[in-house]
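A.B. asks: Sequence plus the predicted model coming up.
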Amino acid sequence: MAEKSNKTAAAVKMQAAEGIFDAPSTSTDMVAISNLQFQIQGITVTNNEYTGSVHKNGDDLAGKSITGSFNVYMRPPRGSDVPAADAYIPGRFLKAAKFSEVRTTSAIPAAAEALGVGSTTNTAVLGTNAGSTDDLYKGMALILSDIANTAYGKVSAVRSYEGSSKTATLMEKLGTAPAANYQIPKQLSFQRSITEDDPPRLSLSFWFGGRRYDLVDFSVSGLRWNVPVSSRDGATQPMYEVSWTATIEDYVDQDSPEVPAEGAVPLFKDGKFSVADVYVGGSSLVIDFGLRVAYPPDPNYADGSAPGELVESKTTMTMDRQAYKKAKLDTIALAETGSQHPVYAQWGYTSGNMVQIVCPDARFNYQNPQLGQDFVTEQGDMWVDVFDKNMNINFVYWS
């Protein structure tokens, strides 16, 4: 019987030590993926020996390079509470791409508290129970009770936080200043880390029909967040696009296990999309973290190289937005000033099923007007500099 492509599955586990495969469980470590690419590329050395004729011998096989890619839908962890550490399985790929998992397991404060005095349309002065450390809540979700009628509409996010005055600068510019209650809700966050230590490696198993490949020292060598807008004309799920490199630990004949059904993925609509404090329309937001992994030469390893290490990353956001008049969004002026601006996307209706993408500071490249369709749009990049928590994804819980 022929092997069938649809009988493909994956399981992933955080790897405890370099070079030691930690077998993922088929009950607790399965992850739903799509568009898997798996390449085994031979590393060859040219044989330059003369043969006494015009004909040459074939190359020598020195080893193999294992690379590939796949997509993981941007499905929140859901449930009624923040999951345990490492229990959100797609988050394992984020951690391997240099994100820190931050679990806020209790709301701050436990009960919603009155705002302090002095909030504006762009800031919220938090109450007496808020912390006093600068940027303590940077990149995190914030509930403001009087900015919307729906529970999901009351969720905002913090761009920066001044501990001495307990002032949170918001990721969006509101229509009116908040004046009622606030709360930092429970949330699972992945915050971009700029420390120098290398990210953790993973152990991963792939099943292709009746064969299983076990991969050790699995490194994320590329990561993009692709967030298309779903409209009345078409819909696509937001997703993590993962490129990887690894070493084959083993391969055996074994039938593919079943991947549990995980339900619908929330679509990017009926939410918020704000750029430089302006709510904008558009068709897509793509964030490329520009990862690069390299293998240091080391004769102590079977293939002559030590496990891959992250050697470079550079984050760029690309979007296709509606074009606006200069009075609303002057992207030429914003690019030329070189100043930093927030980019904020939020969607999902219910607790545990909401996604926030929070970039507190990004700079504009020039944006190119696009014609030829029904609407004039602008396409272009925004650059994200090296700041702590310069990119965050939050999954928000509320009562």
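C.D. replies: Cool, got the structure. Residues are numbered from 1 along each chain as shown.
A.B. asks: max-length strand in the chain?
C.D. replies: For the chain, the strand that runs over the most residues, judged by DSSP state E, is strand 211-228.
A.B. asks: Buried residues, the helix or strand just after that strand. List them.
C.D. replies: Note on strand 211-228: by DSSP states H and E, the next helix or strand toward the C-terminus is strand 239-253. Residues of strand 239-253 classed as buried: 239-247, 249 (neighbour count, 16 or more other C-beta atoms under 10 Å). Heads up, the C-betas are built off the backbone N, CA and C, glycines and all.
A.B. asks: from the middle of its chain, how far away would the helix or strand just after strand 239-253 be?
C.D. replies: Per DSSP H and E, the first helix or strand lying C-terminal to strand 239-253 is strand 272-275. Its chain's C-alpha centre and that of strand 272-275 lie 17 Å apart, by C-alpha atoms, centre = their mean, to the nearest Å.
A.B. asks: Can you pull out the residues in contact with strand 272-275?
C.D. replies: Identification of contacts with strand 272-275 by C-beta atoms under 8 Å, 6 or more residues apart in numbering yields 171-173, 229, 279-282, 285, 319, 321, 329, 341-347, 382.
A.B. asks: Pull up the pairing partners for it, direction included.
C.D. replies: strand 278-279 (antiparallel), strand 341-347 (antiparallel) (DSSP bridges).
A.B. asks: Just the helices from the stretch 101-250 of the chain, written as ranges.
C.D. replies: Using DSSP state H, counting those that start in this stretch, no helices are found in the stretch 101-250 of the chain.
A.B. asks: shaky segments in it?
C.D. replies: Within the stretch 101-250 of the chain, no stretch has pLDDT under 70.
A.B. asks: cutoff 90 now
C.D. replies: Within the stretch 101-250 of the chain, the stretches with pLDDT under 90 are 195-197, 209, 233-234.
A.B. asks: quick one: the strands in it?
C.D. replies: 108-114, 123-125, 141-144, 155-162, 167-170, 181-184, 187-192, 202-208, 211-228, 239-253 (DSSP state E, counting those that start in this stretch).
A.B. asks: Need those in JSON lines (columns: distance to Ile40).
C.D. replies: Shown next, in JSON lines, are the strands of the stretch 101-250 of the chain (distance: least, C-beta to C-beta, whole Å):
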{"stretch": "strand 108-114", "distance to Ile40": "49"}
{"stretch": "strand 123-125", "distance to Ile40": "53"}
{"stretch": "strand 141-144", "distance to Ile40": "43"}
{"stretch": "strand 155-162", "distance to Ile40": "43"}
{"stretch": "strand 167-170", "distance to Ile40": "49"}
{"stretch": "strand 181-184", "distance to Ile40": "47"}
{"stretch": "strand 187-192", "distance to Ile40": "31"}
{"stretch": "strand 202-208", "distance to Ile40": "12"}
{"stretch": "strand 211-228", "distance to Ile40": "9"}
{"stretch": "strand 239-253", "distance to Ile40": "8"}
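A.B. asks: Figure out which of those is closest to Glu101.
C.D. replies: strand 187-192 (5.9 Å; C-beta to C-beta).
A.B. asks: What strands flank that closest one, and is each parallel or antiparallel?
C.D. replies: For strand 187-192, pairing defined by DSSP bridges yields strand 99-104 (antiparallel), strand 392-396 (antiparallel).
A.B. asks: What residues of it count as buried?
C.D. replies: Under 16+ other C-beta under 10 Å, the buried positions of strand 187-192 are 187-192.
A.B. asks: again with stretch 291-308
C.D. replies: For stretch 291-308, by 16+ other C-beta under 10 Å, it's 291, 293, 295, 305-308.
A.B. asks: repeat for stretch 174-183
C.D. replies: 174, 177-178, 181-183.
A.B. asks: Same question for stretch 136-149.
C.D. replies: 136-145, 147.
A.B. asks: Let me have those residues in TSV, extended by distance to Val355.
C.D. replies: Converted to TSV, the buried residues of stretch 136-149 look like this (distance: C-beta to C-beta, whole Å):
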residue	distance to Val355
Leu136	22
Tyr137	18
Lys138	18
Gly139	14
Met140	14
Ala141	10
Leu142	15
Ile143	16
Leu144	19
Ser145	21
Ile147	19
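A.B. asks: Of the residues you listed, just say which sits nearest to Val265.
C.D. replies: Ala141 (19.5 Å).
A.B. asks: The closest one - nearest residue in space that isn't next to it in sequence?
C.D. replies: Counting by C-beta to C-beta, 6 or more residues apart in numbering, Ala141 lies nearest to Val396, which is 4.5 Å off, once chain neighbours are set aside.
A.B. asks: Give me the three-state assignment for Pro76.
C.D. replies: Counting by DSSP: H, G, I helix; E, B strand; the rest coil, the backbone at Pro76 sits in coil.
A.B. asks: got the contact list for the closest residue to it other than its chain neighbours?
C.D. replies: Using C-beta to C-beta, 6+ apart and skipping the chain neighbours, the partner closest in space to Pro76 is Phe395 (4.4 Å). Neighbouring residues of Phe395 by C-beta under 8 Å, 6+ apart: 76-77, 88, 187-189, 352, 354-356.
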